[in-house]
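Asker: this one's structure only:
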């Protein structure tokens, strides 16, 4: 799948040679980040509906050898460097571990109605959610839906896929509904994927909104550096 030239080829050439993760994983991370940056600046039409071009990616593979977290962290670091010093960045990167639907909505919802209207006219900022061990929101192994908070969290992410959300009420304050551009870049071990992904998780549409990139073992090994003396 990696192309012979262009942005993704440049990304692979820059990062794959310095680590043990395969080209496909680096490309998948780059696709997630690029799609977040584009967000509502491009869209796909489904009948009367429009959706942003955001892509959700889950890197899967053997623990400690597929270098899933390392690959995801490269995309996170590139996003941070690209927006460093921006007072109002068009791209945000968030490290997510254990969260709820409310916390997700607080990240992406506009501050008020005027901002919501502005984001209808102009693209809202993109949000890349770097979600290490995303299997935590799939419920316990063998569960169809998982606990209540996991089901709500998955439903919120499914809303984000369509480029819109329903807003949230915070006491007397309200974060209104509006457009959003959110991509997930998650990691999960192959064993956990096989344990947690049940028929229910597939038929409810959640896993269908994820691009799974499987990888079992290393594609390359870095050379062991020569032994250094104490003075070195």
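Answerer: Structure received. Worth saying up front: this structure is predicted, and the values here are computed from it rather than measured.
Asker: And for the closest residue to residue 166 other than its chain neighbours, the neighbour number?
Answerer: Using Cβ to Cβ, 6 or more residues apart in numbering and skipping residues adjacent in sequence, the residue nearest residue 166 is residue 177, 5.0 Å away. Where C-beta positions appear, they are placed from N, C-alpha and C, glycine not excepted. Residues contacting residue 177 under the criterion other Cβ atoms under 10 Å number 17.
Asker: For residue 116, see how far away residue 177 is.
Answerer: With distances taken as Cβ to Cβ, to the nearest Å, residue 177 is found 7 Å from residue 116.
Asker: And for residue 159?
Answerer: For residue 159, the distance to residue 116 (Cβ to Cβ) stands at 15 Å.
Asker: do the same with residue 38
Answerer: Distance from residue 38 to residue 116, counting by Cβ to Cβ: 21 Å.
Asker: Can you list the residue ranges for strands in this protein?
Answerer: Using DSSP state E, the strands of the chain run over residues 43-46, 49-52, 57-61, 91-96, 126-131, 164-165, 168-170, 173-175, 178-179, 181-189, 211-215.
Asker: For the residue nearest to residue 123 when sequence neighbours are not counted, which residues are in contact?
Answerer: Spatially, and ignoring its direct neighbours in sequence, residue 123 is nearest to residue 40 (4.0 Å; Cβ to Cβ, 6+ apart). Residue 40 makes contact with 52, 123, 124, 163, 179, 181 under the criterion Cβ atoms under 8 Å, 6 or more residues apart in numbering.
Asker: Correct me if wrong: residue 79 contacts residue 126.
Answerer: No: taking contacts as Cβ atoms under 8 Å, residue 79 lies outside contact range of residue 126: 9.1 Å.
Asker: where's stretch 89-109 relative to the chain centroid, distance-wise?
Answerer: Taking the mean of its C-alpha atoms, stretch 89-109 sits 11 Å from the chain's own mean (Cα atoms, centre = their mean, to the nearest Å).
Asker: what about it, start to end distance?
Answerer: Its first and final residues considered, stretch 89-109 spans 15 Å by Cα to Cα, to the nearest Å.
Asker: Quickly list what's touching both of residue 79 and residue 126.
Answerer: Taking Cβ under 8 Å, 6+ apart as the criterion, residue 79 and residue 126 both touch 36, 37, 91.
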